[in-house]
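Q: My questions concern the predicted model and sequence given below.
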Amino acid sequence: MRGLEAAAATDGLDALAYLRSGGLPSVIVLDMRMPNMDGSSFQRALKADRRWSSIPVIIYSAFPPERHGDAFAVLRKATTDPDLLLDLIAAASPHRRPLE
């Protein structure tokens, strides 16, 4: 959709494995409630590694945190127009391409 590609992770540990294997997303859309490693723990691990610390994070969760660190944006699931999420992904992406 909109010329964007996505890689999915089942939880924070899976997302870290993706990054460690060389995956380098332009933007991360992060849920806060995940099994094995929650969104807050993932966000701390992401920011602790200089290879990934500059990747913009959009928190998209039914339970957004009061403190969201340096997230690019925070959206509550089920109450947000999906186009708004896509617009934020495009705005946050440092490598965005023209839409086709």
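A: Right, received. Where do you want to start?
Q: Nearest residue to Arg33 in space, please, no chain neighbours.
A: Phe63 (5.5 Å; CB to CB, 6 or more residues apart in numbering). Heads up, the C-betas are built off the backbone N, CA and C, glycines and all.
Q: what's the neighbour count on the one you found?
A: 12 (other CB atoms under 10 Å).
Q: next one: the one 4 residues further on
A: By other CB under 10 Å, the residues close to Arg67 number 6.
Q: Against Ala78, how distant is it?
A: Here Arg67 is placed at a distance of 22 Å from Ala78 (CB to CB, to the nearest Å).
Q: same question, Asp70
A: When Asp70 is compared with Ala78 (using CB to CB), they lie 25 Å apart.
Q: Which one of these two is surrounded by more residues?
A: It is Asp70, of Asp70 and Ala78, that has more neighbours when counted by other CB under 10 Å, with 9 against 5.
Q: Contacts only, for the more buried one.
A: Lys47, Val57 (CB atoms under 8 Å, 6 or more residues apart in numbering).
Q: What is the end-to-end distance of stretch 66-85?
A: With CA to CA, to the nearest Å as the measure, the first residue of stretch 66-85 is 19 Å from its last.
Q: Show me which positions of it end up buried.
A: Of all the residues in stretch 66-85, those buried under the rule 16 or more other CB atoms under 10 Å are His68, Ala71, Phe72, Ala73, Val74, Leu75, Leu85.
Q: Touching, the first one and Ser61? I think so.
A: The reference is to His68. No - contact criterion CB atoms under 8 Å: His68 and Ser61 do not qualify, at 9.7 Å.
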